[in-house]
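Q: fold the following and give me the result.
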Amino acid sequence: MMKMVNRRALQPSLALALAAALLAGTPAQADRRVAADMSAIAGDTNQMWRDSVGADHGGLLLRRENVDQLELTQREIGFRYIRFHAIFLHDTDAYREIDGRPYYNFDRVAQVYANALKAGIKPFVEVGFMPTDLASDSRTIFHWKGNGSPPKDWQKWSDFITAFTRDMEARFGREEVRSWRFEVWNEPNLDGFWTKGDQASYFKLYDTTVRAIKGVDPELKVGGPATAGAAWVPEFLAHARQVGSPVDFVTTHTYGVAGGFFDEKGEGDNRLVLDRRAVINDVDKVRGEIDRSPFPGLPLYITEWSTSYNPRDPIHDTYLNAAFILNKLKGTEKTAQSMSYWVYSDLFEEAGPPPTPFHGGFGLLTREGVRKPSYFAYRYLSQLGKSELRNGDEESWLTRDGDNFSGLIWNYTIPDQKLSNRPYYTRIHPAQKLEPVRLSLAAIKPGSYRLRVYRTGYRANDAYTTYMEWGRPDKLTDQQLARLQAQTRDTPELDRTVKVGVDGRFEQKLDIRTNDMLLVKLDRQ
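A: The predicted structure is shown next:
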């Protein structure tokens, strides 16, 4: 059984708990009580988690299976924007030169964006990579051969971006495209994504690109620097002020593992940062850098984040990953305006086509469309009410919508992990039982209510544990796939009618284990 570090773990006696707490410098905790008054509204429920989600590269949205999974995600969760790499890759064929003369064709680019819009999600346009015929270098990265070099001719690049922007407004309408966002490049501080990770040439790229876009329509929103590891933000904003380049928002990336920022083929191995504030600290740092810059108050969009930047890291498939997500979203809801999870689907080909049903892919969904525990973190968030209730518990959101209550309660326990991720998360780690949560609500309108409790955690919406028990097969039989889909239907573990008396009070004891998520719904009948 996995050893866990958890402050809510049951102690042998209150005296021992107090003594241990004094020695550790932290307060002892008895039963966990989560309480709210339905009349004590803190404000609108924060929706920053919904703002954006990632994908691989744009051309994949020309494939039916990728669109099908996006449509499922939108029906059940509903993100606002989708961000992906390489809209100018060879599979969209947007730019060619014949005898040195440029030719543009944005039909496939437009089809990618049309498929996204049809699914109910707007483009967060990542401007890049460099079209082959415009590139100054032949080196590429990833299975799909993205070119990260500067243009061989800066004027041709400017003209190309001008034509692209005009074409999008002509096809989709000026008002629609004004609701999109344009991010210049991806992780230019890393060699491979941008030649030698050169800052000065990236700043030239940004200046050239933003001027081309704003030259078509000054109301279009453009930002950067889209860096790995929360880097370059002060330098980028200082440069923009110095040369007069517009900046409408700041973007950067952060991941929850130690060591490096990039693993093109997923051949390395990482280790989870054993710190509850991993990711959160990066977001706080960048928020402070923005507010001390010449552009205080600019929106901060984290356009990639997850437990790991490795596309073959088994931590992505685990139930712990879901609790990690909620911990980070709670910790950044007041500092970031967007946390774009990387990515919605394991139909993802940076390191090549997905090799097995569970292979540590970034996605919320497996290649076969099985919902991972992380998927349910977002699905539960999408079922919260419109108004957030005042609440002193750090691992919950309590909300109301009219007379109805919805609460999301979780535990994030950092594992006592001595190994790196690949050997550690390819083993089964049962959860540990914790002291129950006592949910107490006041000022509820008296009457009859339907109470439902949903759980995601160990063996609850947890297809990966079953897959490991089967010996991690390279292929699933039809019967195995059907069983995994049945295990992840998210049926309530408790569904009954309860009465709320004239005192307006409701209490419910909830069993909870390490890294569980609980969705509690109380709907007036």
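
Q: for residue 55, see how far away residue 66 is.
A: 8 Å (Cβ to Cβ, to the nearest Å). In this view, the C-beta of every residue, glycine as well, is placed from N, C-alpha and C.

Q: which neighbours do these two have in common?
A: Shared contacts of residue 66 and residue 55 (Cβ atoms under 8 Å, 6 or more residues apart in numbering): residue 345.

Q: quick one, which of those two is more surrounded?
A: residue 55 (26 against 19; other Cβ atoms under 10 Å).

Q: quickly find the element holding that one.
A: Following DSSP states H and E, one finds residue 55 within strand 52-57.

Q: who does residue 399 bridge with?
A: Note on residue 399: beta-bridge partners by DSSP bridges are residue 388, residue 406.

Q: ok, it touching residue 46?
A: No. Using Cβ atoms under 8 Å, residue 399 is not in contact with residue 46, being 10.1 Å away.

Q: what do the two both touch?
A: Common neighbours of residue 399 and residue 46 (Cβ under 8 Å, 6+ apart) are residue 388.

Q: what about those two, which has more around it?
A: Higher neighbour count among residue 399 and residue 46: residue 399, with 23 against 16, using other Cβ under 10 Å.

Q: report the separation between the more buried one and residue 308.
A: Remark: distance between residue 399 and residue 308 (Cβ to Cβ) = 30 Å.

Q: kindly report the same for residue 498.
A: 41 Å.

Q: so which of the two has more stuff around it?
A: Neighbour totals were compared for residue 498 and residue 308, and residue 308 leads with 27 against 13 (other Cβ under 10 Å).

Q: helix, strand or coil for the more buried one?
A: Counting by DSSP: H, G, I helix; E, B strand; the rest coil, the backbone at residue 308 sits in coil.

Q: so what's it closest to, chain neighbours aside?
A: Spatial nearest neighbour of residue 308, chain neighbours left out: residue 257 (4.5 Å); criterion: Cβ to Cβ, 6 or more residues apart in numbering.

Q: same thing with residue 520?
A: residue 407 (4.5 Å).

Q: ok so, going back, and the residue nearest to residue 308, what are its bridge partners?
A: Here residue 257, judged by DSSP bridges, has bridge partners residue 272.

Q: contact partners for it?
A: For residue 257, the contacting residues are 270, 271, 272, 273, 307, 308, 309, 310, 313, 421, by Cβ under 8 Å, 6+ apart.

Q: of those, closest to residue 203?
A: Comparing those against residue 203 with Cβ to Cβ places residue 309 closest, at 24.1 Å.

Q: tell me the spacing between the closest one and residue 255.
A: Counting by Cβ to Cβ - residue 309 and residue 255 are separated by 4 Å.

Q: from residue 93, how far out is the residue of the chain positioned farthest from its centre?
A: In terms of distance from the mean C-alpha position of the chain, residue 99 ranks first, at 43.7 Å (Cα atoms, centre = their mean). Counting by Cβ to Cβ, the gap from residue 99 to residue 93 is 18 Å.

Q: what of residue 298?
A: In terms of Cβ to Cβ, residue 298 sits 35 Å off from residue 93.

Q: and if you look at residue 47?
A: 37 Å.

Q: what of residue 334?
A: Distance from residue 334 to residue 93, by Cβ to Cβ: 43 Å.

Q: more crowded one of those two?
A: Set side by side, residue 334 and residue 93 show more neighbours around residue 93, with 18 against 11, by other Cβ under 10 Å.

Q: ok, that one - contacts?
A: By Cβ under 8 Å, 6+ apart, the contact list for residue 93 reads 105, 108.

Q: helix/strand/coil for it?
A: Under three-state DSSP, residue 93 comes out as coil.

Q: and for residue 49?
A: Per three-state DSSP, residue 49 ends up helix.

Q: list the contacts of it.
A: 329, 333, 339, 378, 381.

Q: against residue 339, how distant is the fourth one?
A: Read it as residue 378. Distance of residue 378 to residue 339, given as Cβ to Cβ: 11 Å.

Q: show me where the stretch 101-250 of the chain has strands.
A: Assigned by DSSP state E, counting those that start in this stretch, the stretch 101-250 of the chain shows strands spanning 101-104, 122-127, 181-184, 221-227, 249-255.

Q: quick check: which of these is nearest to residue 194?
A: Going by Cβ to Cβ, the one of these nearest residue 194 is strand 221-227, 9.8 Å.

Q: list the contacts of the closest one.
A: By Cβ under 8 Å, 6+ apart, strand 221-227 touches 126, 178, 180-189, 202, 206, 209-210, 213-214, 231-233, 236, 246-253, 298, 301, 303.

Q: local confidence estimate at residue 24?
A: Residue 24 carries a pLDDT value of 34.

Q: the one 4 residues further on now?
A: Confidence at residue 28, expressed as pLDDT, is 40.

Q: cool, the one 5 residues further on as well?
A: With respect to pLDDT, residue 33 has a value of 97.

Q: do I have it right that it meets residue 436?
A: No. At 9.9 Å, residue 33 does not count as touching residue 436 under the criterion of Cβ under 8 Å.

Q: picking up where we left off before, tell me how far the residue nearest to residue 520 lies from residue 506.
A: Distance, residue 407 to residue 506, by Cβ to Cβ: 11 Å.

Q: who touches both of the two?
A: By Cβ under 8 Å, 6+ apart, residue 407 and residue 506 have these common neighbours: residue 439.

Q: phi, psi of residue 41?
A: The phi/psi pair for residue 41 (degrees, to the nearest 10) reads phi -90, psi 130.

Q: with residue 305 instead?
A: phi -170, psi 160.

Q: excluding its backbone neighbours, what's nearest it?
A: residue 254 (5.3 Å).
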